[in-house]
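A.B. asks: How does the following fold in three dimensions:
(one chain, ligands or ions: 3)
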Amino acid sequence: NLILSFESSCDETSVAVVKNGRTVLSNVVATQIKSHQRFGGVVPEVASRHHIEQITACIDDALTEADVDYDDLNAVAVTYGPGLVGALLVGVTAAKTVAFAHQLPLVPVNHMAGHIYAAQFEKTIEFPALALLVSGGHTELVLMPEPGKFEIIGETRDDAAGEAYDKIGRVMGLSYPAGKEVDRLAHIGQDTFHFPRAMDKTDDFDFSFSGLKSAFINTVHHADQIGETLSKEDLAASFQQAVVDVLADKTVKALNAYPVKQLILAGGVAANQGLRDRLDEELKQFPEVAFVKAPLQYCGDNAAMVGAEAYVGFEQQTFADSNLNADPSLEFDWIKGETA
Ligand code: ATP
Ligand code: MG
Ligand code: FE
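C.D. replies: Residues are numbered from 1 along each chain as shown. Ligands and ions are numbered 1, 2, ... in the order given. Coordinates of the predicted model:
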């Protein structure tokens with residue numbers, strides 16, 4: 001089974017060829033980060049225009065690198081939400097066009113489900129599974145009782161973890177997106193600031209990062225006012241320790257409440273080394289749970305993860321027709337098969 005998959009929900013134009021939902025034959029990612037950096041975040045109109053400029057070359061490169069032809073393909077897949085509507089539309093339109101021109105079935109993919117399925121490039125997902133999904137726009141604990149079913153048992157009440165990384169990075173003068181650099185600095189510094197761990201002890205699986213972000217910003221502004229220079233490394237280490245503490249504590253709590261076969265770590269923030277190491281430690285308490293981390297190169301947005309998730313949709317015959325539209329606020333609670 002060969003699927004040509006598309007991802008254009010934010011600032012990465014990506015096209016991949018994935019075999020049996022497990023093997024990446026090609027994964028072309030054209031990033032636009034340079035164009036957005038001077039604005040300190042993603043500008044939707046700029047993103048859409050870049051997707052349009054890049055997508056055709058990405059398709060050609062993905063097919064060439066995988067050494068496959070349109071005739072070899074079994075399906076086309078595309079992220080249709082959540083994300084920026086104008087950005088999503090470019091991928092959706094391209095995928096529909098290829099599917100129509102080559103008479104291939106079209107598999108619609110939820111971007112967040114795609115992030116989770118990136119784990120499958122490490123190990124086949126076994127059910128029931130629990131996913132800690134941490135990205136630029138989402139921070140969720142997702143229970144997966146069986147293939148194609150996703151239940152959010154906890155989520156952030158305000159900022160996403162990645163969003164918090166990017167915002168405090170900006171205050172530190174780092175370029176967007178700041179997560180990777182904060183992670184690097186954190187490994188050099190110490191937790192000297194002891195920022196608040198919001199909702200760490202609450203009786204639920206939810207998160208909150210806006211209080212941490214405010215505490216961080218206040219600390220930096222106060223130091224600026226009195227002319228004091230703070231250690232960037234210690235600031236980063238203190239912030240990261242606070243984030244990792246609450247993510248790890250709520251994940252452990254969820255593992256105690258839901259007996260699962262696997263814990264999956266996925267999404268852009270899953271690339272965080274501090275978080276990966278901490279969960280490695282915590283999972284020693286759960287010898288019966290396999291800890292499956294999305295491989296580093298598939299944590300951020302990419303089309304290979306879309307191809308991995310689409311294999312499930314293909315098996316379940318969840319196909320879309322030419323009416324498929326972008327859904328910027330798509331949620332998990334869609335029922336597989338409904339779009340057929
Ligand atoms: P969503 O998937 O919720 O729609 P998105 O697609 O914009 O949002 P991703 O591409 O999954 O987000 O992840 C990008 C985020 O990951 C950014 O906020 C970035 O700072 C963060 N990130 C990347 N690497 C690291 C790291 N090592 N540590 C912490 N955060 C990181
Ligand atoms: Mg991105
Ligand atoms: Fe994403």
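A.B. asks: Sort out which residues of the strand or helix carrying residue 184 are buried, please.
C.D. replies: Per DSSP states H and E: residue 184 is located in helix 179-186. Residues 179-183, 185-186 are the ones in helix 179-186 that count as buried (16 or more other CB atoms under 10 Å). Bear in mind the C-beta positions are built from the backbone N, C-alpha and C, glycine included.
A.B. asks: The helix or strand containing residue 263 pairs with which strands?
C.D. replies: Using DSSP H and E, residue 263 maps to strand 262-266. Applying DSSP bridges, strand 262-266 is found paired with strand 129-134 (parallel), strand 290-293 (parallel).
A.B. asks: Following element in sequence after the last one, please.
C.D. replies: Looking back up the chat, that one is strand 290-293. Later in the chain than strand 290-293, the nearest helix or strand by DSSP H and E is helix 303-315.
A.B. asks: what's that next one packed up against?
C.D. replies: If contacts are counted by 3 or more CB pairs under 8 Å, 6 or more residues apart in numbering; DSSP states H and E, helix 303-315 sits against strand 2-7, strand 12-19, strand 23-31, strand 75-81, strand 106-110, helix 111-117.
A.B. asks: Might you enumerate the residues of this structure proximal to ligand 3?
C.D. replies: Within the chain, the residues that sit near ligand 3 (CB under 5 Å from the ion) are 135, 301.
A.B. asks: And the helix or strand bottoming out on mean pLDDT in the chain, what's buried?
C.D. replies: Least confident helix or strand, the chain: helix 33-37 with a mean of 85, by mean pLDDT, DSSP states H and E. Using 16+ other CB under 10 Å as the test for burial, helix 33-37 gives residue 36.
A.B. asks: got it, and stretch 46-58?
C.D. replies: Residues 46-52, 54-55, 58 are the ones in stretch 46-58 that count as buried (16+ other CB under 10 Å).
A.B. asks: in the stretch 201-340 of the chain, what residue is nearest ligand 3?
C.D. replies: For the stretch 201-340 of the chain, the residue closest to ligand 3 is residue 301, as judged by CB to the ion, at 4.4 Å.
A.B. asks: so who does that residue touch?
C.D. replies: Residues near residue 301 by CB atoms under 8 Å, 6 or more residues apart in numbering: 7, 9-12, 14, 29, 111, 268.
A.B. asks: make it 6 Å
C.D. replies: By CB atoms under 6 Å, 6 or more residues apart in numbering, residue 301 lies in contact with 7, 10, 12.
A.B. asks: What separation do you get for the second one and residue 41?
C.D. replies: Distance of residue 10 to residue 41, computed by CB to CB, to the nearest Å: 11 Å.
A.B. asks: list the residues that contact both of these two?
C.D. replies: Both residue 10 and residue 41 lack any common contact, where contact means CB under 6 Å, 6+ apart.
A.B. asks: biggest helix in this protein by residues?
C.D. replies: In the chain, taking DSSP state H as the definition, the longest helix is helix 232-257.
A.B. asks: Quick check: buried residues in it?
C.D. replies: Those would be 232-244, 246-255, for helix 232-257 by 16+ other CB under 10 Å.
A.B. asks: Counting neighbours, what do you get for the residue of the stretch 1-150 of the chain found nearest ligand 3?
C.D. replies: Nearest residue of the stretch 1-150 of the chain to ligand 3: residue 135, at 4.7 Å (CB to the ion). Counted by other CB atoms under 10 Å, the residues lying close to residue 135 total 24.
A.B. asks: Contact partners for residue 310?
C.D. replies: Residue 310 makes contact with 3, 5, 77, 107, 109, according to CB under 6 Å, 6+ apart.
A.B. asks: Check residue 206 too.
C.D. replies: Residues counted as contacts of residue 206 (CB under 6 Å, 6+ apart) are 154, 157.
A.B. asks: what about it, distance to residue 94?
C.D. replies: The spacing between residue 206 and residue 94, counted by CB to CB, is 37 Å.
A.B. asks: Just give me how far stretch 308-315 sits from the chain centre.
C.D. replies: Distance of stretch 308-315 from the chain centroid (CA atoms, centre = their mean, to the nearest Å) equals 18 Å.
A.B. asks: what mean pLDDT would you report for it?
C.D. replies: Averaging pLDDT along stretch 308-315 yields 97.
A.B. asks: Just confirm yes or no for that stretch near ligand 1.
C.D. replies: No. Against ligand 1, stretch 308-315 shows no contacts by CB under 6 Å from any ligand atom, the least distance being 13.1 Å.
A.B. asks: Pull out the buried residues from stretch 267-283.
C.D. replies: For stretch 267-283, by 16+ other CB under 10 Å, it's 267-272, 274-276, 278-279, 282-283.
A.B. asks: Kindly reformat these as a markdown table containing pLDDT and distance to ligand 1.
C.D. replies: Below are these laid out as a markdown table (pLDDT from 0 to 100; distance: CB to the nearest ligand atom, whole Å):
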| residue | pLDDT | distance to ligand 1 |
| --- | --- | --- |
| 267 | 98 | 5 |
| 268 | 98 | 2 |
| 269 | 98 | 4 |
| 270 | 98 | 8 |
| 271 | 98 | 4 |
| 272 | 99 | 3 |
| 274 | 98 | 8 |
| 275 | 98 | 7 |
| 276 | 98 | 9 |
| 278 | 98 | 12 |
| 279 | 98 | 13 |
| 282 | 98 | 18 |
| 283 | 98 | 19 |
